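Visitor: Predicted model follows, preceded by the sequence.
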Amino acid sequence: MTMHAPPAIARALLRWCLPKHEIADALEGDLQQEFVHRAERGRWRAGWWYWSQVVSLPYVRLHREVRRLGASGRDGISWMGGGAVDAVWREFRVASRTLSRRPLFSTVVVATLAVSIGAATLLYSVVEGVLLKPLPYEEPTELVTAYLTSDEWRNSENELLRAAWDVQPMTRAHTEAFQASPGPLAGFTSYTRRLLPFEARAHVGEWETVQIDASLFAVLGVVPALGRTPSEEEVAQAAPVAVLRHEVWTGTFGADPGVLGQTFELDGMSYTVIGVMPPGFFFPTDSGGDLWIPLTELVREWPSFYGVGRLAPDASIADATTFLEATARRLGEADPDRAGHGGRAVPHIDSVIGHVRGGVRMLFGSALLVVLVACANLGTLFLARTSSRREELAVRASLGAGARSLSTAVLAEVLVLGVLGGGLGLAMAAAALDPFVESLATSLRSLPRRADIALDGRVVLFTTLATSVTVILSGLAPLWATRFGAGAARPSMSRSRTTDAATRRGQHVLLLAQGAMTVMLLAAGILQVRSLLATTAVDLGVRAEGVQVLALEVDTERLPPGPERMAALDAVRERLGAATGASASLVSSLPGSGGVLLARIREVGADDETAASVLSVSVAPDYFETLDIRLLSGRGIVADDDRREVLPAVVSESLAHQLVGSADAVGHRAWRGSDPEPQLIEVVGVAADSRQLSVFQEPQPTLFYPMDERPPPALYAIIATGSSTVSDAAPLAALVHDSDDRIEVSEATTFEQLLSDGVRHIRLRLVLTALLAGLAVLLAMIGIAGVVAHVLSDQRRDVSIRMALGAQGGREVGRVVRTALVPTAVGVILGTALAALGAGIMESMVFGVRPSDPATFVIALSAMLTVAAIAAWIPGRRAASVDPATVLNGS
Amino acid sequence: MEVKRLTDVELLLLLSVLRAGESAHASSIQEVLATQGERTTSLGSLYVTLTRLEERGLIESSKGAPTAERGGKAKRFYAVTPAGLAALHRTRSVFERMWADVPQPERG
């Protein structure tokens, strides 16, 4: 029989609320025993029963009795001071009752809190897990990652190379030099990564091996959970021993405690397991590194090492950079092969999460803004509510209630709403965490340390703090307006109450703040919309409409590289062309979709050192026709081009300029590839520039050459049928299958669809930002409408009297509407100005628009003003349509 | 010793503790109270009253052994003290005296 346990949260709540005493223990035991009996008949009903018991227990009386028992000489301990518990509890009960009589008000407040706190909690859990949690190493903030810098790449024409100039890997000579003279680094170690095929316990696949120096684990300050790490001799001899990542141990090795000493195959060699790392440990990143092995002989000569160092006490990152730079330069002076390189250190965490920090911070900042908008909104609501209760409070004051107890009354209400709203927000965040993290990972393209994201204690602490701050900030508004001094505590006998000056001032300040913050979020949202529009407006330089795409995969066993493969592919291409009557071609990679190879091009006879890296795309005949890429001169790739002695090639306009200084490059010859066997190519045509790499990157110099007898095993067939319907590609796929079953179609779609998938992350980021902005706008509307409704209801009698005396209803209402709109408008203008000043932080989050472009702010400003006007107009219109006689008779 | 007069609830509860016998604990007391005393009460209120009676020395409690079924929490057994028994009898005599001349309702 399994023993059921009561709901954990309910039990925790129970324990927290009960006095610490044996009697309370007995009560808890009774409840649990009864729960166990009930659970045998129905788990859910028993849980429900338990919860109902927990919330309905007479805690205050229990505390009192237990305290008395303790006072009479027994072992009772109370957790809170005597009468305070009772008084606070009484206030809460009164507040709960009062609030339940105002369901609309209470619902709006709780929902506002829940949604804003929920959003902030979600994003904080990401900030906590990804940015703040310490990395799983000893004193992780002391760790730095070392890179080389390349003077050549820094000054390169090629954007891709320029982007990577300061994150270069290093040679063994560098790592040894850095290790030899420690300088400001207390320890230095290096590693390289390599995917290797493995076979272990009937599993086969690929592992990312991290090949390491003996000092790696010492520098990181981590010891394995099982076994040991490689010794210096083992590393020196490249011994086949391995330390497993915890996940690999639990996965492939079934968490076998006897794993040490067992062997497995790695890249055809037999390796022995000597250690298992503790759970949570990763290196170098959480998405890479399945096992750690001594540097293999093969990789030692490669310039593919990254360094990790530990800062000596008192040393800074700048000291480390100075040291690495000087050492690398010295090495360059001694050895011309290594000239032109400097060194650089960055905090190690940057190499793990640096690329998403901006995006995560941006979203979290937006969520905090939403919370602030909610604060302002709640402030106006509480203010209106308190002002409406003035009479009640004034009566209580005149009956002898002190200012403090009145403040307590107001505060108790705010706190009850805070607990409800915050709790609901936390529950909503818990429910939404997984799908949210999933979509965030897509929108940021990748999300490191996903496993570290959880709603843990720190996140709950954040939620509690955020809720408290929200509640206190918004609760301050009414307290400020209800300063019941002795003189002010006279119940107003006038039936026509008018909103007093303090309340009005408070409302104005809050409306202003709310308008300012909302418009900032709105501007951020609009910027994202414009980015998305910009991606659709980009000129790729190729035709996207009406092109069907089949992703082909060649069966490498039955169709090995060689003339036969090319012939089979050619046959497929011709068949597709003949069946559709449209031009059809094959290509190794599609424009705008990444996955483009780099080739090295240099002048005939020139040194390998002078070679330039360019994008290289292998294409079949009719490629340029099918994608409608304009040929500026010469011809495209045609049949049998691949059989010529000198390989005919088409260059992009920018590559032509790079080669000969003008677009007129036809006839120019160059070498492709590296020594010892460069291939001679001859330019036969010059094509207009196209965005081969991605929609977001400017066209790069590109070389198109004929698909030769070693066509890639994965490639695309493109057919310009004129149809943009995805389903129209299915019959084409069937055609391929019929003509050659050695070629498989892994995807049949349209070019447009593929391009749209490529901007999915922008769309998701847009959705996230837009959701936050929309939330803020909605809150602002509620706030404005609330203020107008409140002022109108307060002044209903005055307005009606004036209307009865002949004043225009519309004008009267307009006056009230203006009192809400003017501060909002001032806030919106201020907020727009602030957003324009701070637009720079959005730089990395946008595409195709300048963050400081005024159009964004004009749209945000006018949209926000329109929305505010509508929000104020709705309650205003209702007031204007009321017959003054009804109001005057009714009261 | 001056003993405060027992309230209705306290009276019924003391009687239930007596009737629940040697192993009287909250659940069994609650059951006796419900079946014989015709009064349902929540576990929480029961503990409040039991604790009050204990504080006044009318009942005493002892700790049982913790069990897994109870989440490792000990059961608490209750027994009426001599003072409690005295209070019961005194209350009874007060009631009897007061009841002595109460007429039956007239039929009509």
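Guide: Perfect, I can see it now. As the structure is a computational prediction, the values presented were derived from the model and not from experiment. Residues are numbered from 1 along each chain as shown, chains lettered A, B, ... in the order given.

Visitor: Going by C-alpha atoms from here, please, whenever you check contacts or count neighbours.
Guide: Will do.

Visitor: so how far is stretch A:456-466 from its chain's centroid?
Guide: Taking CA atoms, centre = their mean, to the nearest Å, one finds stretch A:456-466 lying 19 Å from the centre of the chain it belongs to.

Visitor: got the CA positions of it in PDB?
Guide: Extracted in PDB, the C-alpha atoms of stretch A:456-466 (Å, rounded to 0.1, in the frame of the first residue of the first chain):
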ATOM      1  CA  ASP A 456      13.400  28.300  -6.700                       C
ATOM      2  CA  GLY A 457      13.700  30.000  -3.300                       C
ATOM      3  CA  ARG A 458      15.400  33.000  -4.700                       C
ATOM      4  CA  VAL A 459      12.800  33.600  -7.300                       C
ATOM      5  CA  VAL A 460      10.000  33.200  -4.700                       C
ATOM      6  CA  LEU A 461      11.900  35.700  -2.600                       C
ATOM      7  CA  PHE A 462      12.000  38.100  -5.600                       C
ATOM      8  CA  THR A 463       8.300  37.700  -6.100                       C
ATOM      9  CA  THR A 464       7.700  38.400  -2.500                       C
ATOM     10  CA  LEU A 465       9.900  41.500  -2.600                       C
ATOM     11  CA  ALA A 466       8.400  42.700  -5.900                       C
END
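
Visitor: State the distance from A:Glu293 to A:Asp335.
Guide: One correction, residue A:293 is Ile, not Glu. Using CA to CA, to the nearest Å, we find A:Ile293 at a distance of 30 Å from A:Asp335.

Visitor: Compare these two (neighbour count), which wins?
Guide: A:Ile293 (27 against 10; other CA atoms under 10 Å in any protein chain shown).

Visitor: pLDDT on the helix or strand encompassing that one, on average?
Guide: Per DSSP states H and E, A:Ile293 falls inside strand A:291-294. On average, the pLDDT along strand A:291-294 is 93.

Visitor: Report the strands that pair with that strand, each with its relative direction.
Guide: Strand A:291-294 pairs in its sheet with strand A:203-212 (parallel), strand A:241-244 (antiparallel), by DSSP bridges.

Visitor: hey, which of these is tucked in deepest?
Guide: Comparing those by mean neighbour count (mean count of other CA atoms under 10 Å in any protein chain shown), strand A:241-244 comes out on top with a mean of 25.

Visitor: From the chain's centroid, how far away is that one?
Guide: 33 Å.

Visitor: what does stretch A:733-752 give?
Guide: That offset, for stretch A:733-752, works out to 36 Å (CA atoms, centre = their mean).

Visitor: for stretch A:296-315, same thing?
Guide: Distance of stretch A:296-315 from the chain centroid (CA atoms, centre = their mean) equals 30 Å.

Visitor: just stretch B:48-66 next, same as before
Guide: 10 Å.

Visitor: Show me the beta-bridge partners of the closest residue to A:Glu199 other than its chain neighbours.
Guide: Distances taken as CA to CA, 6 or more residues apart in numbering or on different chains put A:Glu265 closest to A:Glu199, at 4.9 Å, once the chain neighbours are dropped. For A:Glu265, the beta-bridge partners under DSSP bridges are A:Glu199, A:Ser270.

Visitor: so who does A:Glu265 touch?
Guide: Neighbour list for A:Glu265: A:Phe198, A:Glu199, A:Ala200, A:Tyr271 [criterion: CA atoms under 8 Å, 6 or more residues apart in numbering or on different chains].

Visitor: for A:Thr145, phi and psi?
Guide: For A:Thr145, the backbone dihedrals (degrees, to the nearest 10) come out as phi -100, psi 140.

Visitor: So what's the residue count around it?
Guide: 25.

Visitor: same question, the one 3 residues further on
Guide: Other residues lying near A:Leu148 total 25 when counted by other CA under 10 Å.

Visitor: How many residues are close by the residue nearest to it when sequence neighbours are not counted?
Guide: Excluding the flanking residues, the one nearest A:Leu148 by CA to CA, 6+ apart is A:Gly343, at 4.3 Å. The number of residues packed near A:Gly343 is 25, by other CA under 10 Å.

Visitor: Report whether A:Gly343 is found in a strand, as I expect.
Guide: Yes: assessed with DSSP: H, G, I helix; E, B strand; the rest coil, A:Gly343 lies in a strand.

Visitor: for the nearest residue to A:Phe92 once chain neighbours are set aside, what are its contacts?
Guide: Nearest non-adjacent residue to A:Phe92, counting by CA to CA, 6+ apart: A:Ala412, 5.6 Å away. Contacts for A:Ala412 (CA under 8 Å, 6+ apart) come out as A:Glu91, A:Phe92, A:Ala95.

Visitor: try 10 Å
Guide: Going by CA atoms under 10 Å, 6 or more residues apart in numbering or on different chains, A:Ala412 touches A:Val88, A:Trp89, A:Arg90, A:Glu91, A:Phe92, A:Arg93, A:Val94, A:Ala95, A:Ser96, A:Leu406, A:Gly418, A:Gly475.

Visitor: Which helix or strand contains it?
Guide: Assigned by DSSP H and E, A:Ala412 falls in helix A:403-443.

Visitor: Now the element after that helix, going C-ward?
Guide: Sequence order places helix A:457-481 as the next helix or strand after helix A:403-443, per DSSP H and E.

Visitor: Buried residues, the strand holding A:Ile293. List them.
Guide: A:Leu291, A:Trp292, A:Ile293, A:Pro294 (16 or more other CA atoms under 10 Å in any protein chain shown).
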